[in-house]
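[1] mind looking at a prediction? Sequence and model below.
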Amino acid sequence: MTMKKLLRKVLLLDLLQGLSLTFRYQDPKEIYTEQYPLQRPEVAERYRGAPRLNVNPDTNETLCIACDLCALACPEHLIVVTSERNEKTRRKELTTFTYDLSRCMFCGLCEDACPTDALELTQDFELANYTREGAIWDRQTLEQGPQPTVYKK
Amino acid sequence: MPQWLQSVVDYVTKSNNTPGWYADPVASAIWALIYIILIFTGVSIAVIAMNWLERKILAHMQVRLGPMRVGPHGLLQPIADALKLLIKEDIMPDQADKVVFWLAPVTIVITAFTVYIVIPFGPTHAVTDMNIGLLFMLGVSSIGVLGIIMAGWASNSHYPLMGSLRSSAQMVSYEIAMGMAVVSAVLMTSFKGGGNFFRQIYGTGGASVGTLSMIGIVRAQEAQQTWFLFKFFPLGLIAFFIFAVAMVAETNRAPFDLPEAESELVAGFHTEYSGFRWSLFFLAEYAAMIAVSSIAVTLWLGGWMRPFASLHGPNVEIPNYWSGGAIDLAFALVPALTFFVLALFAFIGTVRMPKHRAFRVQTIGLAGFALALGFIGLVLLEPHVRDRVQDIFWFSLKVAVFMYMYIWYRGTFPRYRFDQLMHLGWKFMIPTGIAVLILTAALGLGS
Amino acid sequence: MSEILKSEQSASSVKHLELEATPSPAYLDSDELILNMGPQHPSTHGVLRVILKLDGEKVMGTECVIGYLHRGVEKIAEHRTYAMFNPYVDRMDYVAAVSNGLGYCEAVEKLLNIEAPPRAQHIRVILAELNRLASHMLWLGTHALDIGAITPLFYTFRDREEILKIFEKYCGARLTTHAFRIGGCLYETYEGFEDECRNFVKFVRPKIDEYETLLTTNRIWVERTKGVGYISGDDCKAMGVTGPVLRASGVKWDIRKAQPYSGYQNFDFDIPVGTNGDTYDRYLVRIAEMRQSLRIIEQAVEKLPEGPVMAKVPKVVKPAVGEVYHGIESPKGELGYFIVSDGSTQPYRIRVRPPSFVNLQALDMMVRGALVADVVAVIGTIDIVLGEVDR
Amino acid sequence: MPQNYIPIFLFMLVALAIPVVTLVIAKAVRPDNPHATKLMPYECGIDPVDTARARYTVRFYIVAILFVVFDVETIFLFPWAVQFKMLGWFGFVEMMVFLAILVVGYVWIWKKGALEWV
């Protein structure tokens, strides 16, 4: 046992083992890097990214019923919903919806709270902005959803 | 025709194996100047290439890609970085000693380059052949410590000071071990087979003597028909091992990169340096790496000699092209083939580039690079060029292996602690060095 | 105890550094150097500031200055409902967010006197163990980087990525997962979850061997870590040090075994224990723990029961007046939540017992008399996350 | 061969010119916006407590002294190594005596603890 250890030490086997490992990893097949804008990562279905305010695709009407539950659920109080009572239908109608992404921690509590699935955290993850104001999304931006530049291979 | 011009013409046309051009001072100066220019451009290109290769190889070892954006496969990244450093603001700390702070990188660059004076890239490819070349090399390379001390002291800041003190202690400690190994090599030059040759060149008379001339050391290996690495096996190997370890420590590279251990000392002695002043340290570090590797190649790996230099093989006659041993012919084709293989790799890379107009310039660039490599390979097939340049090729190849080892170590090993490094230097390397020296001398007496 | 631990320890004869630095003889006297290590330092793992008193390279004393990342998490809790505070705990130990969430949810469940259904408990165990692996992998990579080996970092991050992918698929986030809710899990497992976990276990076993190839027997690694940062088991107990640091000092204490929670009593696993209490043993203990975690994951995936993933929890979480302490074994040690309820929807007070913060106390004891390079190694080996230290 | 030394001066001139010229070029093209905090010594973002010009641990000086001793000894070895064959047994024995004295000194400093660091 001690002889084996001595031999290992003299023949630098411990070092050679490590060296051979790093040598083998030079194979280009092992490369793990993704070349991001060209190679886009596949984001999971449940990914919580940029928020979107869903609209009914047929009528283009918002699904939001202005119940304010998302604003109540938000730990950071970053959602502001204002509504107006429509006298004809006697229902509350959404007027503005502000979502401050700069404070959002993407916990998904608003999404869980929404009774109509109007507010949704989508798979878009490119949220960079040149200004702080740009991170505050209004109703229109939220309904459009984020529009990241798409690079092609 | 004046004598110096004649010697120049002789030098170009004949691949004579004696450094005859020393005879004339003017010719000597002219050739020295040409080699100076060649060395500076060559070393600069080598440093740039090393920079790129280090990032790429290290990246591949670490399952990454490395630079990919500037130029095809990041080929132009070092140049982009150099430009960036050139236009970067240079900050000299308030409390720094201005003159010393300015002088430190200059000193380091000068010492790192001056070593190249004595390095023989081929039997005639050297700036000069000094009879005390090895001593000169040791002397100059120890001045590098001074630059580091200056940098650390002038910064007037804690981390650089600690880095420079560590660095100097480390470098001087390993210099002793290095010196022991070098003395063993010098001893070997005077052994069997070495004598006759030096009588021819230097006319030292009857007894066989050793030499400190770098060209002479390779000549001795030629004459003894062995690389000193294999001399008195395993004595030569152990001496080489000591030198190889000391060499890594001398250049402050992993696993002995304590002076600039970024996890402890942030950046060591060049913490306060920025901009182009910093890049001079970088340049010096890589130049020094290449320099000590060249010395290792000269001392232990037979310098410009190709592998199996003593074997020539059966005679072959090819009209107008080449005649001589078959093995010689085979090895003479290696330089060209190497470049063809490199060109092939570059070409495959070109084919595999993404087909997108954003990549058009890069693709064309890579194709051009492949063509250039192929062209160099073609030129190397030409017998006259080949005969004049293949020494340099073999030398560079051996140095390249060392460069790869540097990167490889960096990618694999953890870093020594300072006291362990000193222990290794003082308590293992120096005694082993002395023992090897004594054994070599004892064995040499018999030979 | 794993094989590797046994073989390595029996042969080791570690000369421990003296704990109290002896002052140098007068003729070796030099000025005491005060060196700031951090907050902007590559290897203080965030914004820790360590003031070092040095004699040459020798450390005469240290002082940790913390608070550069203080966000007042405990105070925030007093103004959030129980459910709303849940995502915040992920941001304390952000490399082990799942464990933080697990501890918090279980503490609140204890306060509410409910228990998560078995399926939820199993999912929690799987994710928590995956998270332990992720945390240890990150620790290993950065620790090796501190000691100068740059390559393991990339291997561990590559393999950690597979864990994060599972997290992302399960709950939609990679790091600050917010995976669990009070009363169970919000999400049912996705299709192929079990297979992915099994494949992951198969994938990562040889990878752990690879890390060991690079480090365990490497002479430089052994020299750098053996006998460095020694702390005895008794000192650990006195300091309240928990987790792998405690276990490496020979104290067999793991809350998963000692006070089982979330159904850990149903799984068969060992507690790796070291003997020397030095950096090398802590490294071996964590490596062995990674292997044990894989065992637990395998068992949990095989035994994953059917059923609901959410217990009956009132829509508005409003615990009765009272207080509760619940500690779990996070990758770094005992992570405890002490919650005081005044009967309203918001906690009256939450106090977190973070393992990193408590373990960091032992830094001074571990590095006295050592060298600067050891400070870095020891900070790495304690495995602190500044988000948790400062909260 | 004095003419072999001419290239050294040429070489060192070029070696001096390279850093100096590049530094001058860099000075011409780079921006220069000094600021008091920029010009402070780096100490991880904290104002340095004391000067870096303090007395430093003596161990480094010990290494320096030992280096001088051993390096001079190496220098003695060089001419001996070159003339090794000519000196023969006489030279070998002479050098062994020299080395023996050195080794005795080496063992002494080892035992004395001058090579210890902590």
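    Done, it's in. Residues are numbered from 1 along each chain as shown, chains lettered A, B, ... in the order given.
[2] mind listing the helices in the chain by residue range?
    Picked chain A for this. With DSSP state H as the definition, chain A shows helices at residue ranges A:2-10, A:13-24, A:69-73, A:109-113, A:139-144.
[3] my question was about chain D
    Going by DSSP H, chain D shows helices at D:6-29, D:59-82, D:84-112.
[4] can you list contacts of stretch C:300-312?
    Residues from elsewhere that reach stretch C:300-312, judged by CB atoms under 8 Å, 6 or more residues apart in numbering or on different chains: C:109, C:114-120, C:122-123, C:125-126, C:129, C:181, C:183-189, C:194, C:197-198, C:266-267. Backbone N, C-alpha and C define where each C-beta goes, glycine included.
[5] again, but for stretch C:149-158
    Residues external to stretch C:149-158 that are found in contact with it (CB under 8 Å, 6+ apart): A:22, A:32, B:58, B:61-64, B:410-415, C:137-138, C:140-142, C:144-145, C:207, C:210-211, C:214-215, C:218, C:221.
[6] please redo it, this time with the cut-off set to 6 Å
    When contacts are taken as CB atoms under 6 Å, 6 or more residues apart in numbering or on different chains, the neighbours of stretch C:149-158 outside the stretch itself are A:22, A:32, B:62-63, B:411, B:414, C:137, C:140-141, C:144-145, C:211, C:214.
[7] neighbours around the closest residue to chain D within chain C, how many?
    Closest contact between chain C and chain D, by CB to the nearest CB, is at residue C:56 (2.7 Å). Here the number of neighbours of residue C:56 (other CB atoms under 10 Å in any protein chain shown) works out to 24.
[8] can you get me a residue count around the nearest residue to it once chain neighbours are set aside?
    Closest residue to residue C:56 in three dimensions, ignoring its sequence neighbours and counting by CB to CB, 6 or more residues apart in numbering or on different chains: residue D:57, at 2.7 Å. The tally of other residues near residue D:57 (other CB under 10 Å) stands at 20.
[9] please apply the same query to residue C:213.
    Residue C:213, neighbours per other CB under 10 Å, totals 16.
[10] check whether the helix or strand hosting it contacts chain A.
    The secondary structure element spanning residue C:213 is helix C:193-215 (assigned by DSSP states H and E). Yes - contact between helix C:193-215 and chain A, assessed by CB under 6 Å from any CB of the partner chain, occurs at C:213, C:214.
[11] and that helix, what other elements does it pack with?
    In this structure, helix C:193-215 packs against helix A:13-24, helix C:151-171, helix C:279-303, with contacts taken as 3 or more CB pairs under 6 Å, 6 or more residues apart in numbering or on different chains; DSSP states H and E.
[12] let's see the PyMOL selection covering just the buried ones among the contacts of stretch C:300-312.
    In PyMOL, this line selects whichever of the contacts of stretch C:300-312 come out buried by 16 or more other CB atoms under 10 Å in any protein chain shown:
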select buried, chain C and resi 109+114+115+116+117+118+119+120+122+123+125+126+129+181+183+184+185+186+187+189+197+267
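[13] related to what we said a few turns ago, the helices and strands packed on helix C:193-215: which one's closest to residue A:115?
    Proximity to residue A:115 (CB to CB) singles out helix C:151-171 among the helices and strands packed on helix C:193-215, at 21.3 Å.
[14] what confidence value was assigned to the residue nearest to residue C:56?
    Per-residue confidence at residue D:57 stands at 71 (pLDDT).
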